[in-house]
Structures are given as structure tokens and as C-alpha cells.
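> here's a sequence, model it:
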Amino acid sequence: MDILDNTLEEFVELFQGSSTYFGASQPLGQTRGRDGKQEFRHWVEPKPMTKEHWLQHLKGEKYYGSVPIRDDNTCSWGVIDVDRYNIQHKEVISVIRKRKYPLIPFRSKSNGLHLILFIDGVVPAGAMRRKLIEIASDLGVNDSTTDIYPAQDEVDLTPEDWDQKRKGNFVNLPYQKAHMTTRVAMDNDGNSIKLENLFKFVSEYRLKPAEFKKLKIFQDDETKDYPPCVINFMKNRVQKGEGRNDAMFNVAVLAKKINPDAVMYQDWTRNMMTKVCSEPLHPQELNNIFKGVENKDYAYKCKTSIARMHCVSSTCIKRKFGIGANEALPEVGKLLKVNSYPEPYWILPIQGKSIRLSTKQLYQQQLLGEALLNYDIVWRPLKPTKRDPDPYRDWLDELIQNKQDMEGFDEGEEMDDVFNSRMTRFLEDVEDTTEFDQIESGNIWRDENEMRFKLETFRSFMKKMGYNWNEKECTRFLETGGAIPKKKFQNISSRHWVVALPKQTEHKNKDVKFVKAKAAWEDN
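Numbers count the residues shown, from 1 in each chain. You can find the predicted model right below:
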């Protein structure tokens with residue numbers, strides 16, 4: 001492992017982030033049903049990353065991640081995390097180089113792409129985040145499956161309670177098990193770059209802070225007033241099956257904003273179709289689009305898949321022919337579900353800020369708006385239409401589908417106290433028995449040392465307590481507290497859980513003296 005020792009300092013220099021905490025993951029040995037992606041357990045280690053941690057990652061002993069945003073709200077690297085499994089790496093690399101973006105492409109563990117911008121020095125995290133959003137939109141990859149890191153413009157580590165600190169999101173580090181890994185950087189031909197050659201390759205594209213400030217997205221004068229999505233349609237050419245109709249609807253809206261005369265805007269739209277679409281639409285499809293924009297309430301379709309891939313709402317709202325303030329959707333990052341106890345909470349990166357929400361606040365649009373107002377973010381309610389009767393629920397469904405689960409407790413004693421308290425209440429609330437077969441009837445079997453019960457019994461107890469946990473959430477709680485699943489006991493086959501009896505809290509009598517005093521209204 002001499003190579004690791006020799007290259008470790010260079011690797012740390014490239015991926016150094018927060019000096020207070022870092023991310024950790026552990027494979028669960030199972031894959032996700034909808035896409036076959038390997039599932040991991042994730043959490044944050046509330047301590048600095050040491051040399052040993054970096055080596056453990058590179059040797060393949062552990063899975064670690066770094067937090068790009070530093071404690072002073074600067075960063076030296078940022079990531080466009082393209083989480084698609086069918087992406088053509090070489091095609092994306094070719095576009096990046098043609099447009100002269102100094103990004104380094106890395107294969108992610110799911111065979112997606114991490115496009116990383118490295119700085120020789122530091123820049124404000126907010127500036128990095130906004131720049132990467134612009135580049136992702138220009139490349140046509142800024143959809144709901146893509147995440148931008150740093151996800152925040154600023155962090156706040158001043159609260160004493162670790163759970164109350166506003167922390168940055170971590171990114172999985174590349175080169176895990178460096179001598180035999182697919183999580184590597186790629187050269188301009190898509191070939192893997194060995195760890196010992198990484199620093200030299202990155203150095204060719206690494207920007208000084210002054211160079212970063214000058215990094216621009218190409219924009220000609222003719223299109224400077226257009227919304228970014230239309231400009232990016234023209235740059236990337238919308239292919240058949242990618243949403244040409246939705247793209248052309250936005251083109252027609254732009255045309256009508258430029259010149260509302262029906263003949264003029266329709267001719268302009270037809271001419272633009274050759275620049276926007278790889279194949280033209282059928283004339284009838286185009287006529288249907290014109291009928292749509294004739295509606296007095298016509299507006300850009302910002303929530304369609306093709307529009308979001310190329311969207312930069314913060315830029316669009318400033319353009320002459322861009323969206324209005326009432327149409328703008330906020331820039332939202334990956335939703336985090338923090339599985340703390342007794343109840344989980346949620347972290348929503350929005351407009352560069354990390355907003356902590358309860359389940360109720362996230363579920364109800366009005367409560368979300370009230371919570372965001374505390375952070376000076378105005379939420380404009382998503383209103384139902386004939387086309388979309390429940391847009392907020394659709395928005396929320398998409399967030400939930402792409403969420404990341406995080407373990408929320410940081411101290412073992414805290415978890416032990418919660419687990420012990422809950423199991424004590426469970427034992428008090430549910431009838432116990434010394435006949436094991438009675439657990440099928442919803443009882444708890446117990447002796448002097450341990451208790452055994454069905455998962456359904458514990459889940460019913462939790463529901464009675466007001467926690468509507470599913471089987472996975474109940475299982476996670478029990479495993480974290482040391483409970484073990486079993487299939488058989490006393491020669492009786494029955495799937496159940498076994499755990500040590502909860503510790504009993506000692507109550508000491510206090511020598512309390514009672515003194516009777518006159519009340520204020522009594523005579524002195």
C-alpha cells in the first residue's frame with residue numbers, strides 16, 4: 001500500500017472539506033427494488049476526518065464521504081452528481097470539453113457521474129453552488145435525479161446540541177478500495193485514471209479563485225433575454241422521446257412574449273423548431289401547442305422533465321422574457337430523512353439553506369410555507385389545475401422518491417435511553433406470559449433475563465403510542481437497540497424478536513419536609 005501513503009496527501013488536498021464532521025456509509029447487502037441500486041446505511045461522524053479514516057477508505061475497509069462546504073462557508077471543490085444509470089459517459093465528457101468546462105468526470109458507485117470542479121484555493125460555497133447549477137442546466141442534466149454539492153450556501157455549527165447544528169451534506173468519496181475500484185476519474189477518452197495519476201490530471205483543470213470568477217456559461221447577445229431552458233434546448237437539441245412537445249410549448253410561449261401577433265409568433269416558433277428539435281413535430285402537434293398558448297393564462301411549463309433538466313430559475317426570473325416571480329419554483333436539493341428517535345425529522349436544502357422540518361410541516365404545504373418564512377424564503381403555493389389537480393403532492397412524491405435516509409443519533413447513550421424507555425413502556429402496556437406459543441396472540445413472552453414478541457405486536461404498540469411506523473422502521477429501531485430476529489424457540493417455529501429485559505430505573509426516596517404556609521389571601 002506504499003502508493004496510498006505516497007498519494008494520500010494529494011488526495012486529501014483535493015477532497016478536504018469540513019474539519020468538524022464527515023459522512024460514513026455501510027452497505028446493507030441488499031438492492032433497491034425500483035432500480036437495483038445497492039442500499040446503504042448513512043450517518044454523520046461528529047469529529048474530524050483523520051489520516052486513518054482516509055486510508056481506511058482508500059484501502060476499501062470503510063466507506064466515507066467528505067462535506068465540501070467548510071465550516072467558514074467556503075469550499076475548494078463542488079460536485080454535479082448525475083444519478084442516472086444509462087448515461088453515456090464518453091458523450092458527456094465530449095460535450096464538457098467542447099464547451100471548455102474544467103470539470104473532472106468520476107464514475108459513481110451506481111455507474112452514474114460525479115462532475116467535479118476543483119479550486120486551487122477556496123471560493124464561497126454559494127458561488128460554487130450557483131455556478132454548478134448553471135453548468136448542469138447547460139449540459140441538460142439538472143433534473144430531479146441530479147444533486148449539487150455543496151447543497152448549502154452556509155452552515156451554522158454554533159448550537160451546542162449536535163442535532164440542532166445546520167450541517168452540510170456529504171458526498172461519497174471516489175477511489176474506495178483504490179487498487180480495484182470503478183469509482184475513478186476518467187480522462188477525455190473515458191479511460192480510468194489511476195490514483196497515483198489523479199492529482200497531475202486534475203491540476204490541468206484546477207482553477208484559481210480569480211479564474212473561477214471569470215468562468216462563464218456561453219451566451220450570445222441574440223438570446224440573452226430568453227429563458228435558460230430555451231437556450232439550452234438549442235444547445236443540446238431535444239431528441240425524440242425526450243419531451244419535444246413540452247420543449248416546443250415553452251418555445252411558443254417565448255415567441256408570443258416577443259411578439260403576440262399570431263402569424264408572427266407561429267412563424268417564429270416553426271423556424272425555431274429546426275434549432276430545438278432533432279426531428280420536427282407533426283404539424284398537428286404544433287397546432288395543438290398553438291391552441292394551448294392561445295389561452296390567456298398561458299405560461300412556461302417549468303415543471304416538465306425536459307424543462308427542469310435545462311432550468312436555472314434564479315437566472316430566468318431576471319430575464320426580460322423569463323418567468324414571473326409568481327411562477328418561479330425554488331431551487332431544491334436532495335431531501336434527507338433523519339431517522340432520529342423518538343421521531344424522524346427532515347432536512348430540505350432549498351435556496352442554498354438547510355431547513356429542518358417535521359413530518360407534519362413537510363406534508364402540509366401551508367406549514368411548509370410558514371417554516372420557510374423563518375428563513376426569509378417566500379413559498380408561493382403550488383395551485384391545482386385541470387392538468388395537475390394536486391401539484392404539491394406530485395412535488396412531494398418526487399422528493400420522497402429521491403430522498404436519502406440518515407441515522408439521526410450521534411451518541412450511543414442517547415439511543416440506549418430511548419430504547420430502554422420504550423421497551424419498558426412496551427412491557428408495561430402489553431400482557432406478558434410464560435407460555436411461548438401465546439406470542440401468536442399478541443402477548444410478550446418473558447423470563448428473568450429476556451423478552452420475546454412478534455414484530456406485529458410491537459408495531460401495534462407503537463401505533464397506539466401515536467407512531468405510525470412501518471415494518472422497516474420498527475425493524476430498524478429494534479436492531480439498533482440490540483434486538484435479534486429468531487425463527488424458533490422451545491421447539492416451536494415462529495418468527496419473532498428477542499431482546500434483554502429493559503433496565504429498571506432506581507427510585508430513591510427523598511427526605512422531604514412539608515411546611516404549611518398561609519396563602520396570600522389569608523389573614524396575617
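
> need the longest strand for this structure.
In the chain, with assignment by DSSP state E, the single longest strand is strand 113-124.

> which elements pack onto the next helix or strand after that strand?
Moving toward the C-terminus from strand 113-124, the next helix or strand (DSSP states H and E) is helix 125-139. Counting by 3 or more Cβ pairs under 8 Å, 6 or more residues apart in numbering; DSSP states H and E, the packing neighbours recorded for helix 125-139 are strand 74-82, helix 89-98, strand 113-124, strand 146-149, helix 209-214, helix 228-236, helix 313-316. C-beta: built from backbone N, CA, C; applies to glycine.

> Met406: which of the ones you listed is closest?
strand 146-149 (14.2 Å; Cβ to Cβ).

> quick one: strands adjacent to the closest one?
Partners of strand 146-149 in the sheet, by DSSP bridges, are strand 74-82 (antiparallel).

> about what we covered before: chain center to the longest strand of the chain, what's the gap?
19 Å (Cα atoms, centre = their mean, to the nearest Å).

> so what secondary structure elements neighbour that strand?
strand 74-82, helix 89-98, strand 103-107, helix 125-139, helix 209-214.

> thinking again about what came up before, okay, the helices and strands packed on helix 125-139 in a markdown table with mean pLDDT, mean neighbour count and distance to Asp388 next?
Listed next are the helices and strands packed on helix 125-139 as a markdown table, based on pLDDT from 0 to 100; neighbours: other Cβ atoms under 10 Å; distance: least, Cβ to Cβ, whole Å:
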| stretch | mean pLDDT | mean neighbour count | distance to Asp388 |
| --- | --- | --- | --- |
| strand 74-82 | 96 | 23 | 26 |
| helix 89-98 | 93 | 15 | 31 |
| strand 113-124 | 97 | 20 | 31 |
| strand 146-149 | 93 | 25 | 22 |
| helix 209-214 | 96 | 13 | 39 |
| helix 228-236 | 91 | 24 | 18 |
| helix 313-316 | 86 | 20 | 18 |
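
> so which of those comes closest to Gln364?
Judging the helices and strands packed on helix 125-139 by Cβ to Cβ, what sits closest to Gln364 is helix 313-316, at 23.4 Å.

> right, and His496 touches Lys486 too?
Yes. Using Cβ atoms under 8 Å, His496 is in contact with Lys486, at 5.7 Å.

> neighbour-wise, which of these two wins?
More neighbours surround His496 than the other of His496 and Lys486, with 22 against 12 (other Cβ atoms under 10 Å).

> what's near enough to touch the more buried one?
Going by Cβ atoms under 8 Å, 6 or more residues apart in numbering, His496 touches 439, 452-455, 485-486, 489.

> poorly predicted segments of the stretch 1-150 of the chain, please.
For the stretch 1-150 of the chain, the stretches with pLDDT under 70 are 1-3, 32-36.

> apply 80 and report the result again.
1-6, 29-38, 84-86, 109-110 (pLDDT under 80).

> where's the spatially most central residue of the chain, which helix or strand?
By Cα atoms, centre = their mean, the chain has its centre lying nearest to Lys334, at 2.1 Å. Lys334 is part of no helix or strand when elements are defined by DSSP H and E.
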